[in-house]
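Q: Got a sequence here, can you build the structure:
(one chain, ligands or ions: 3)
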Amino acid sequence: MENLALFFFFILLLLSAFLLPSSSHQYNALFNFGDSMSDTGNVRIGRLPYGMTFFGRATGRCSDGRLVIDFIAQDLGFPLLPPSNERESNFSKGANFAWVAATVLGFDFFNERGLSKGLWVNASIYIQVDRFEKLLPSICGSTQDCKDFLGKSLFVVGEFGGNDYSTALFFGRSVDEVTTFVPHVVRAISDGVERLIGLGAADIIVPGLLPVGCFPLYLSNYHTPDPQDYGPRTGCSRRYNALSWLHNTQLRRTLDDLRRKNPAISIRYADYYSQIFDFAINPLKYGFTAGALRTCCGNGGGLYNYDQGRRCNDKGFTVCENISTHVNWDGIHMTEAAHRVIANGWLYGPYVDPPILTASLKS
Ligand SMILES: *[C@@H]1O[C@H](CO)[C@@H](O)[C@H](O)[C@H]1NC(C)=O
Ligand SMILES: *[C@@H]1O[C@H](CO)[C@@H](O)[C@H](O)[C@H]1NC(C)=O
Ligand SMILES: *[C@@H]1O[C@H](CO)[C@@H](O)[C@H](O)[C@H]1NC(C)=O
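A: Numbers count the residues shown, from 1 in each chain. Ligands and ions are numbered 1, 2, ... in the order given. Purely as a prediction, here's the structure:
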């Protein structure tokens, strides 16, 4: 009997040892910046079926359910992040400044290039960090108190950039022209991160761009008949993925520079690209029996079930029978099932290094 009690005692000890490392990740708060990949309700567009899987109502999230940032919040033990423009919210555990259709660069950049009519919102990274700064006194008080508070908070800055490129592409600009935006975009992300560091941020995750060439919107709107334009194993558009790749390469290089300049600050890259690319190569590994390139909610039929003029929520749309067999939700955003896999790769490895939660108690 005594032995048994001792045995259980040891099991408990072992379990608590397992649980303890996660307590070193007890962040004060979680703050997020970005676009529709992580907006949790600053822009209340959409209606059901958006939100149907988890919320049972549209929340502004561009998916059937939770986003990557929602899973990160939940696994860190935080409530789902309140949108920053929800005045009645309590932001003491964090806030979300991401905005649907947000670009990294501001109005002037696009205006100078004759593209301002393509902008839906003014919610550049500069503006998002401004809003954050304005909210700080209500969250953590004085500048010094905020430095201490933010020094023990987690910041996720991105994904950012997809809308800078698409704004010009949708205006008919060439990929070559859009490629010249990359250094400007990456520089603005880096400036945003530096401003956050100046305010006290010390633990920052910076996601890269998605492989946009694997998304039905790009595959269908920029369809070409030449099989050479598509990856033989993925079916993704090489040209558009090359744009994402270039952005990510330059972003990673810039983050290296930032680390050298700020040796006391943790700055980690989060890799969307590799995981989504793997969805396209090995969809069955994740239960995505519909493949990675077909939209679940749509009205287009065809190879990608996507038609720019008749999208999810437009007249006559349908939702696939089992959403978790799809990576893609509406042509440019992903399903909750895909977000869960991506979040796991950031929380427990290998797509953030070191992973956000190294104590691997996966649920
Ligand atoms: C916000 O929530 C925290 C606990 O999470 C609490 O201590 C604080 O008093 C709340 N603030 C307001 C204004 O309700
Ligand atoms: C964004 O800001 C510019 C200049 O401040 C303004 O002219 C433009 O109308 C704004 N656009 C939107 C969508 O609010
Ligand atoms: C839906 O698809 C997922 C992933 O392929 C699978 O695990 C699940 O069993 C399916 N559910 C139903 C009701 O068929």
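Q: Show the pLDDT at the closest residue to ligand 1 within the stretch 151-300 of the chain.
A: Ligand 1 sits closest to Ser153 of the stretch 151-300 of the chain, with a gap of 13.5 Å, by C-beta to the nearest ligand atom. For the C-beta atoms, the positions are set from N, CA and C on the backbone; glycine is no exception. Predicted confidence (pLDDT) for Ser153: 98.
Q: My guess is it contacts Tyr27. True?
A: Yes. Here Ser153 reaches Tyr27: they are 5.4 Å apart, a contact under C-beta atoms under 8 Å.
Q: Show me where this protein has its helices.
A: 2-19, 68-75, 107-112, 125-140, 143-151, 162-169, 175-179, 182-199, 216-221, 238-261, 273-281, 336-347 (DSSP state H).
Q: Let me see the contact set for Trp120.
A: Contacts for Trp120 (C-beta atoms under 8 Å, 6 or more residues apart in numbering) come out as Val100, Ala101.
Q: I'd like to know how far it sits from ligand 1.
A: 32 Å (C-beta to the nearest ligand atom, to the nearest Å).
Q: now Phe149
A: 13 Å.
Q: For the nearest residue to that residue once chain neighbours are set aside, give me the pLDDT.
A: In this structure, Phe149 finds its nearest non-sequential neighbour in Cys140, 3.9 Å apart by C-beta to C-beta, 6 or more residues apart in numbering. Cys140 carries a pLDDT value of 96.
Q: what does the one 5 residues further on give?
A: Looking at Asp145, its pLDDT is 97.
Q: Please renumber the chain so that the first residue is 37 from this point on.
A: I'll keep to 37 as the first residue from here, and by that count the last item is Asp181.
Q: need the contact list for Tyr258.
A: Contacts of Tyr258 (C-beta under 8 Å, 6+ apart): Leu205, Ser273, Arg275, Tyr276.
Q: Nearest to ligand 1: which residue in the chain?
A: Residue of the chain nearest ligand 1, by C-beta to the nearest ligand atom: Asn126 (3.7 Å).
Q: Can you name the residues of the chain that neighbour ligand 3?
A: Where the chain comes near ligand 3, counting by C-beta under 6 Å from any ligand atom, the residues are Gly323, Thr325, Asn358, Ser360, Thr361.
Q: swap the cut-off to 5 Å and go again
A: Gly323, Asn358, Ser360, Thr361 (C-beta under 5 Å from any ligand atom).
Q: Can you get me a residue count around the residue nearest to the third one when sequence neighbours are not counted?
A: The shortest distance from Ser360 to any non-neighbouring residue, by C-beta to C-beta, 6+ apart, is to Ala373 (3.8 Å). Applying other C-beta atoms under 10 Å, we find 23 other residues in the vicinity of Ala373.
Q: ok, Ala373 touching Asn358?
A: No. Ala373 is not in contact with Asn358 according to C-beta under 8 Å; the separation is 9.4 Å.
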